[in-house]
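Peer 1: 3D, please:
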Amino acid sequence: NIYAAVALTLYGESAQGDKAKVVVNGGALEANYYAITGNGTRHNTEIVVNGGTLYGVNGTGIYNPQGGLVTINDGTIKGLETAIEMRAGDLVINNGTFAALSNTFSVTGNGSGTTIIGVIIAISQHTTLKPITVTINGGTFEDGIRALAMYDTVSSGHSNLMNVTINGGSFDSKKNAATKTIDVNNGNLLIKGGEFNSGADNDGLGCSTVYAANYGYVTIEGGSFKAGAKWADRYWTLNIKNDSKTTAKMEVKGGTFVEFDPSHPNTDDNDNYVAEGYVATEDGNSNYVVTLAPVEENENQNQQGND
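Peer 2: Residues are numbered from 1 along each chain as shown. Below you'll find the predicted structure:
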């Protein structure tokens, strides 16, 4: 039972040592818990994956609790709990296939180790309170209860230390086990592109595609969004948790939404997610496209504000 296929650094090393770097171009790295891991006391690291398969059989493909850079250009990364858990540092994903194989979801505070189960890309603030920056330009994130989740089990209030930007990729939640595809419980998420779909829960009822709760802030500027099933006879493509209406944020400035009008979402928590100065227009096929409002409409809004 190999605990980790590659331990990038050793516990107790100097936090400011020379850069520790590993490059994976192919082959297979498989271990009981981590395919690749660092540790939260030794920073200045770099992980580059250009191909191959990384598999944490009972844990995580890549665990990164330290300040350092992770770049995924291609390959397959998977784990029972998560494909990747970032608790510090920078992550850039350009391509690849990612999976979290567990049929259960949980978040548990942990000062020394992983915190999230059932999420493909997990973002979780560490007790070291180092910044986490994630940029996803492409890839397939479809085999997990959640495709991406952002949580802070350490701090209270909104965290500006966790920032994720999605420019592309395909995101979905595991069918018949899901509750949401993108789960933002804290931090800042900016979506500029990509395809986002949601499955159904164990009863076949619809789930949220993008969900904000607690102190999660979501801004959508592009991408396509679809809920795979209805709940209470309507789609919950975008959703803010009921008890988080005054703390979580959802603002739409672009994107295409299948059978869902983000300016009149018909959910029980918000009557308009579309940002001021933007408009949602139905395209004739029950899809709503959000764009800048026509100049005349903006002028009318300004005049009404000055009356």
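Peer 1: chain center to stretch 52-67, what's the gap?
Peer 2: Centre-to-centre, stretch 52-67 and its host chain are 17 Å apart (Cα atoms, centre = their mean, to the nearest Å).
Peer 1: in it, what counts as buried?
Peer 2: Residues of stretch 52-67 classed as buried: 52-57, 59-67 (neighbour count, 16 or more other Cβ atoms under 10 Å). The C-beta positions use only the backbone N, C-alpha and C, and glycine is treated the same way.
Peer 1: now, among the residues you listed, which is nearest to Ser155?
Peer 2: Distances from Ser155 to the buried residues of stretch 52-67, taken as Cβ to Cβ, are shortest for Pro65 (15.9 Å).
Peer 1: quick check, that closest one in contact with Ala88.
Peer 2: Yes. Counting by Cβ atoms under 8 Å, Ala88 is a contact partner of Pro65 at 5.7 Å.
Peer 1: so where is this protein shaky, pLDDT-wise?
Peer 2: 11-17, 175-178, 269-270, 297-307 (pLDDT under 70).
Peer 1: contacts for stretch 87-96, please.
Peer 2: By Cβ atoms under 8 Å, 6 or more residues apart in numbering, the list of residues contacting stretch 87-96 from outside reads 40, 43, 45, 49, 63-77, 84, 115, 121, 124-126, 128, 130-140, 169.
Peer 1: run the chain-centre distance for it.
Peer 2: For stretch 87-96, the distance to the chain centre is 11 Å (Cα atoms, centre = their mean).
Peer 1: and that stretch, how far apart are its ends?
Peer 2: 21 Å (Cα to Cα, to the nearest Å).
Peer 1: got the buried residues for it?
Peer 2: Quick answer for stretch 87-96 (16+ other Cβ under 10 Å): Arg87, Ala88, Gly89, Asp90, Leu91, Ile93, Asn94, Asn95, Gly96.
Peer 1: so which of these are in helices?
Peer 2: Counting by DSSP state H, these place none of their members in helices.
Peer 1: okay, those residues in JSON lines with distance to Gly206 next?
Peer 2: Listed next are the buried residues of stretch 87-96 as JSON lines, based on distance: Cβ to Cβ, whole Å:
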{"residue": "Arg87", "distance to Gly206": "32"}
{"residue": "Ala88", "distance to Gly206": "35"}
{"residue": "Gly89", "distance to Gly206": "35"}
{"residue": "Asp90", "distance to Gly206": "35"}
{"residue": "Leu91", "distance to Gly206": "30"}
{"residue": "Ile93", "distance to Gly206": "28"}
{"residue": "Asn94", "distance to Gly206": "32"}
{"residue": "Asn95", "distance to Gly206": "30"}
{"residue": "Gly96", "distance to Gly206": "29"}
